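*Asks:* this is a predicted model, with the sequence first.
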Amino acid sequence: MTYPPSGAALREPEPDVPSAPVTVPAQRRGAPSVAVDRLRAAATTEPGRLQIFGAVLALLVVVFGAVTVTEISGRSSSADDVVNRSQPLSAAAASIYRSLADADTMAASGFLAGAQEPKDVLAQYDADIKEASRLLVKAAANTDASTSSHREITTLGELLPEYTGLIERARANNRQGLPLGGAYLRYANQKMTNEILPAAERLYAAETGRLSTDSADARRWPFLSLATGIVALAALVWMQRRNYRRTNRVFNHGLLAATAAATVVLLWLAVGHTVARAELHSAMVNGQQSLDVLNKARINSLKARANENLTLVARGAVLTPDGKQDKYETDYSTGMKALGTQLESAEKLAGDDSGGSEPVEAAINSVSEWQDRHKKARATDDQGDYDSALLQIIDPKNSTGESFEKVDDALETALAHEQDQFDAAAEDGRGALGGLPAGAAVLAVLGAVAAIVGVNRRLSEYR
């Protein structure tokens, strides 16, 4: 027999008890699933459906307002850039180009006049250089350092002092009667023609391109805003029709107010943007295109005048690459041909606008007169009568210089008219978008609140 160890307590054997089944707690469901279940449950009753419809209607109206604010704010910003940034910079670039070309013309004119330059010619040259320098500083302050425009501005800032230094050397030698003055003048003209003016032209092209981009951005249709507006308006109309069919009541004041608010925003959006688009398009077609052609025409007239003067300064010393023709006379002829073509384009763009067409017609007539006088002056010079030819070029009366002044004055008048046309149309285009973002935001909030109030009025009938 086996005995338990000493001191061990005796225990009764425990009966076999069946084990209870283990219960595994159900996995918690996520909040989205719970929300979906509640939404499904709500959709089975009319009050629940009304709550869902009210929330969706309010959301659609708010989304419509938010999208409209976002898109129109962008369009409005681009229109503001057209008026306050890109077009002024394009005009400034054209003025830089024109001032530099005019300075070169004045330098050649003053040199031809003799050792003592006329005071008005010298004053005009100094004014051109100062204006170009001032505009370069202003343009540099309004362009990013990473842009091509800024690089061209930097190039012009480096080359302009070199050019003015060459002109001063040409003047100093001319006052002493040294033929080296003519060489300095020709070298300065080459720097202006081959380096400075091309950089100014690239600057003008870059700024004009930016103007076109800003205008195109401002004129892009706000398709997303229009689409969301139509959807929101359709949903509100559907809800009112549903309400009428179920209650036989014609009007629900809250839903009617929300529909009115959405309709006002949609019409404001469509009409306002259509007007802005039309005005900005008019500014580009009737204003900027004419400005572009007229600016190029005026610059070509200045370059032609400088080449005409340099023809007498060089006196056949500078030939074309083939060695057969006078380079400056050839460049003059090329420039005058381009000038004629540009004036024809400007006349077509002016159309029936007498304020723009009359100065262009005057310029065309003066160009014809200029060419006739130039032929006579060249014939006189070819006969060996340099002094008479010189008078036919620079004399205040009955000279090519007088004709050139008529052309320049007419083009300046045409440019001022077209600039006014552009400014007026662009300002109207920008104004058509003014207030729309803020108005859309306010009306969207009011419409959303009105939709909720209208649905709650219907819900109150179930309480």
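*Replies:* Alright, I've got the coordinates. Numbering: from 1, shown residues only.
*Asks:* so who does Leu443 touch?
*Replies:* Shown in contact with Leu443 (CB atoms under 8 Å, 6 or more residues apart in numbering): Gly65, Ala261, Ala262, Val264, Val265. Using the backbone N, CA and C atoms, a C-beta is placed for each residue, glycine as well.
*Asks:* from those, which ones fall inside helices?
*Replies:* Gly65, Ala261, Ala262, Val264, Val265 (DSSP state H).
*Asks:* farthest-apart pair in those residues, please.
*Replies:* Within the ones in helices among the contacts of Leu443, Gly65 and Val264 form the most distant pair, 11.3 Å apart (CB to CB).
*Asks:* look at these two and report which has more neighbours.
*Replies:* Gly65 (28 against 15; other CB atoms under 10 Å).
*Asks:* nearest residue to that one other than its sequence neighbours?
*Replies:* What sits nearest to Gly65 in space, not counting adjacent residues and going by CB to CB, 6 or more residues apart in numbering, is Ala444, at 2.2 Å.
*Asks:* could you say which helix or strand contains the one you found?
*Replies:* For Ala444, the host element (DSSP states H and E) is helix 436-459.
*Asks:* now do the buried residues in that helix.
*Replies:* The neighbour-count check on helix 436-459 (16 or more other CB atoms under 10 Å) flags 436-437, 439-441, 443-444, 446-455, 458 as buried.
*Asks:* same question for stretch 422-433.
*Replies:* By 16+ other CB under 10 Å, the buried positions in stretch 422-433 come out as Phe422, Asp423, Ala425, Ala426, Asp428, Gly429, Arg430, Ala432, Leu433.
*Asks:* does the last one touch Val82 like I think?
*Replies:* No: proximity of Leu433 to Val82 does not meet the contact threshold set by CB atoms under 8 Å, at 11.4 Å.
*Asks:* give me the common contacts of the two.
*Replies:* Common contact partners of Leu433 and Val82 (CB under 8 Å, 6+ apart): Ala218.
*Asks:* worst mean pLDDT across the helices and strands of the chain, which element?
*Replies:* Lowest by mean pLDDT, DSSP states H and E among the helices and strands of the chain is helix 31-42, with a mean of 60.
*Asks:* could you list the buried residues of stretch 75-95?
*Replies:* Neighbour-count burial for stretch 75-95, with 16+ other CB under 10 Å as criterion, is recorded at 75-83, 85-95.
*Asks:* check which residues of stretch 175-185 are buried.
*Replies:* Buried residues in stretch 175-185, counting neighbours by 16+ other CB under 10 Å, are found at Gly181, Gly182, Ala183, Tyr184, Leu185.
*Asks:* any idea of the pLDDT on the last one?
*Replies:* Leu185 is assigned a predicted lDDT (pLDDT) of 92.
*Asks:* where do the helices sit along the stretch 1-150 of the chain?
*Replies:* Using DSSP state H, counting those that start in this stretch, the helices of the stretch 1-150 of the chain run over 31-42, 46-81, 87-113, 119-141, 148-175.
*Asks:* can you tell me which of those helices comes nearest to Asp326?
*Replies:* helix 87-113 (14.7 Å).
*Asks:* and that closest one with helix 119-141, angle?
*Replies:* Relative orientation of helix 87-113 versus helix 119-141 (axes from the mean of the first three to the mean of the last three CA atoms, to 10 degrees): 150 degrees.
*Asks:* show me what helix 87-113 is packed against.
*Replies:* helix 119-141, helix 148-175, helix 180-191, helix 197-219, helix 289-314, helix 386-394, helix 400-433 (3 or more CB pairs under 8 Å, 6 or more residues apart in numbering; DSSP states H and E).
*Asks:* can you put the ones in helices among the contacts of Leu443 in TSV and add distance to Leu100 and pLDDT?
*Replies:* As requested, those are exported to TSV (distance: CB to CB, whole Å; pLDDT from 0 to 100):
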residue	distance to Leu100	pLDDT
Gly65	51	95
Ala261	56	95
Ala262	56	95
Val264	53	96
Val265	50	95
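*Asks:* hang on, isn't Thr105 packed against Asn309?
*Replies:* Yes: at 7.1 Å, Thr105 counts as touching Asn309 under the criterion of CB under 8 Å.
*Asks:* quick one: low-confidence parts of the stretch 151-300 of the chain?
*Replies:* 248-250 (pLDDT under 70).
*Asks:* try it again with 50
*Replies:* The model of the stretch 151-300 of the chain has no residue with pLDDT under 50.
*Asks:* again with the stretch 301-450 of the chain
*Replies:* Within the stretch 301-450 of the chain, no stretch has pLDDT under 50.
*Asks:* contacts made by stretch 373-392 with the rest, please.
*Replies:* Outside stretch 373-392, the residues touching it (CB under 8 Å, 6+ apart) are Leu112, Glu308, Thr311, Leu312, Arg315, Glu329, Tyr332, Ile393, Asn398, Ser399, Thr400, Ser403.
*Asks:* related to what we said a few turns ago, quick one: which of the buried residues of stretch 175-185 is nearest Ala58?
*Replies:* Nearest to Ala58 among the buried residues of stretch 175-185: Leu185, at 76.7 Å, using CB to CB.
*Asks:* can you pull the contacts of the closest residue to that closest one other than its chain neighbours?
*Replies:* Leaving aside its chain neighbours, Leu185 sits nearest to Ala170 (4.1 Å; criterion: CB to CB, 6+ apart). The neighbours of Ala170, taking CB under 8 Å, 6+ apart as the test, are Ala107, Phe111, Gly181, Gly182, Tyr184, Leu185, Ala188.
*Asks:* ok, the fourth one touching Leu312?
*Replies:* When you say that, I think you mean Gly182. No: here Gly182 lies out of contact with Leu312, judged by CB under 8 Å, at a distance of 10.1 Å.
*Asks:* residue closest to the middle of the chain?
*Replies:* Leu211 (2.4 Å; CA atoms, centre = their mean).
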